[in-house]
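Undergrad: sequence first, then the predicted structure:
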Amino acid sequence: MKYFIKKNKFDLDRFYSKEIIPPPKFHGEKFISSNYIENKSQNTLSGGLRLKNIFKSNYENYPLISVVVPNFNGTKLKETLNSILKQKYQNIEIIVIDGGSNFENISFLKNEYNDEVDYWISEKDNGIYDAWNRGIKISKGKYIGIINSNDIYYENAFDYLIKYIKSYPEYDFILGAVEKKKVHAGFRPNEIKLRFNIYPSTVIGFFIKLVSQKKVGLYNLKYKCSSDYDMFYRIIVKHDMKGFPTTSKEVFGKFELGGFSSQLGFFDHLKEELQIRYDNGQNIFTLIYIAIGKIIIKFLNQITK
């Protein structure tokens with residue numbers, strides 16, 4: 001498949017094609033890829049390069065990286081998009097899934113980013129995990145990453161990512177270090193049955209093969225604040241997939257504290273964690289042990305402050 005090179009708004013080369021990539025299909029896949037999101041109403045807004053018949057594809061030595069950007073009235077969406085556009089790697093597609101923001105908050109997508117973003121759509125959805133799923137289903141890359149609006153990638157993020165993708169092609173996912181007050185890095189999958197912070201970072205650093213994602217399936221909308229934990233449990237325990245972490249010096253980006261999850265209390269998070277573990281078949285006595293342990297630690301932390 002042929003491509004042509006064009007510079008983006010930051011004068012960096014990007015690969016483009018006039019041909020649509022056939023989505024990967026195989027027996028047992030948990031969802032079907034598509035080129036566009038079917039509009040729910042006449043009030044839906046959408047745009048981007050795909051609507052101009054310009055696409056991205058995978059090439060030898062240049063795997064396509066899809067980046068899904070969920071947004072709802074975010075105040076720093078421009079900064080998030082610019083942090084992707086400033087990556088030196090040439091083969092990236094950007095998909096913005098907006099949950100029906102006020103038009104004045106996203107008008108710049110049409111006016112300034114219509115030739116920079118591959119596909120964007122704005123219409124009401126069912127929350128952040130629904131936005132993630134919608135973006136995943138129309139991603140074309142060999143690998144998919146998600147970055148919430150207000151978060152940013154650092155300048156060398158995709159240099160690190162591509163280095164690890166080429167060094168460990170047999171792995172299903174790469175886990176980049178992320179700054180969240182301090183730098184978080186590492187990966188301890190053997191501890192997942194007792195703790196969920198086996199990857200003490202955020203979704204910013206998580207890039208998974210599209211084929212692997214299709215084997216696992218989408219994020220479960222039943223969970224309102226911890227569906228990513230459920231996803232990790234299924235990936236590691238149920239599908240025995242392998243991931244590789246970067247070093248703590250290879251930081252992918254910065255996570256801004258806030259959002260829906262941070263508004264919930266300790267017992268909200270604990271209840272959902274236990275539900276996720278129960279739904280995935282963990283022993284009830286193990287769940288009791290986890291609950292008691294977390295409550296004791298929470299109590300001790302409070303009295304020692």
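TA: Sure, I can see it.
Undergrad: how near is the nearest residue to Glu191 once chain neighbours are set aside to Ile235?
TA: Leaving aside its chain neighbours, Glu191 sits nearest to Ile198 (5.3 Å; criterion: CB to CB, 6 or more residues apart in numbering). Placement of C-beta: from N, CA and C, glycine included. The spacing between Ile198 and Ile235, counted by CB to CB, to the nearest Å, is 11 Å.
Undergrad: what about those two, which has more around it?
TA: Ile235 (24 against 20; other CB atoms under 10 Å).
Undergrad: that one contacts Leu175, correct?
TA: No: the criterion here is CB atoms under 8 Å, and Ile235 misses it with Leu175 at 11.2 Å.
Undergrad: how about the contacts made by the closest residue in space to Lys7 that isn't next to it in sequence?
TA: Once flanking residues are discounted, Lys7 sits nearest to Asp13: 6.0 Å by CB to CB, 6+ apart. By CB atoms under 8 Å, 6 or more residues apart in numbering, the residues touching Asp13 are Ile5, Lys6, Lys7, Gln90.
Undergrad: how close does Asp13 get to Ile152?
TA: Taking CB to CB as the measure, Asp13 falls 21 Å from Ile152.
Undergrad: check Lys238 too.
TA: Where Ile152 is concerned, Lys238 sits at a distance of 32 Å (CB to CB).
Undergrad: the more surrounded of the two?
TA: Ile152 (23 against 12).
Undergrad: who's that one bridged to?
TA: Taking DSSP bridges as the rule, Ile152 bridges to Lys254.
Undergrad: helices or strands next to the longest helix seen in the chain in the packing?
TA: Counting by DSSP state H, the longest helix found in the chain is helix 284-303. Packing partners of helix 284-303 (3 or more CB pairs under 8 Å, 6 or more residues apart in numbering; DSSP states H and E): helix 266-279.
Undergrad: buried ones in the helix it packs on?
TA: His269, Leu270, Glu272, Glu273, Leu274, Ile276, Arg277 (16 or more other CB atoms under 10 Å).
Undergrad: who are the packing partners of it?
TA: By 3+ CB pairs under 8 Å, 6+ apart, helix 266-279 packs against helix 227-233, helix 284-303.
Undergrad: would you mind pulling the contact partners of it?
TA: 196, 222-226, 229-230, 233, 261, 284, 286-287, 290-291, 294-295, 298.
Undergrad: let's see 7 Å
TA: Contact with helix 266-279 is made by Phe196, Tyr223, Lys224, Cys225, Ser226, Tyr229, Asp230, Tyr233, Leu287, Ala291, Lys294, Lys298, as judged by CB atoms under 7 Å, 6 or more residues apart in numbering.
Undergrad: what's the local residue count around the fourth one?
TA: Looking back up the chat, that one is Cys225. When neighbours are defined as other CB under 10 Å, Cys225 has 20 of them.
Undergrad: is it in contact with Leu264, as I believe?
TA: Yes: between Cys225 and Leu264 there is a contact under CB atoms under 7 Å: 5.4 Å.
Undergrad: hmm, who's touching the one helix or strand Lys214 maps to?
TA: Taking DSSP states H and E as the definition, Lys214 sits inside helix 210-216. Here helix 210-216 makes contact (CB under 7 Å, 6+ apart) with 24, 29-31, 136, 139, 141-144, 172-173, 234-235, 239, 241.
Undergrad: 10 Å - rerun?
TA: Helix 210-216 is contacted from outside by 23-26, 28-33, 58, 64, 66, 136-137, 139-144, 171-173, 208-209, 231-232, 234-236, 238-239, 241-243, using CB atoms under 10 Å, 6 or more residues apart in numbering.
Undergrad: gap between it and the chain center?
TA: Taking the mean of its C-alpha atoms, helix 210-216 sits 13 Å from the chain's own mean (CA atoms, centre = their mean, to the nearest Å).
Undergrad: give me the mean pLDDT for that helix.
TA: For helix 210-216, mean pLDDT rounds to 97.
Undergrad: low-confidence regions, the protein specifically.
TA: For the chain, the stretches flagged by pLDDT under 70 are 1, 201, 258-263, 305.
Undergrad: would you map the helices across it?
TA: Using DSSP H, the helices of the chain run over residues 77-85, 103-112, 128-137, 157-167, 210-216, 227-233, 266-279, 284-303.
Undergrad: need those in TSV with distance to Ile204, can you?
TA: TSV is the format used below for the helices of the chain (distance: least, CB to CB, whole Å):
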stretch	distance to Ile204
helix 77-85	10
helix 103-112	21
helix 128-137	13
helix 157-167	9
helix 210-216	17
helix 227-233	11
helix 266-279	20
helix 284-303	25
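Undergrad: just so I know, which of those helices lies nearest Phe255?
TA: Of all the helices of the chain, helix 77-85 sits nearest to Phe255, with 11.5 Å by CB to CB.
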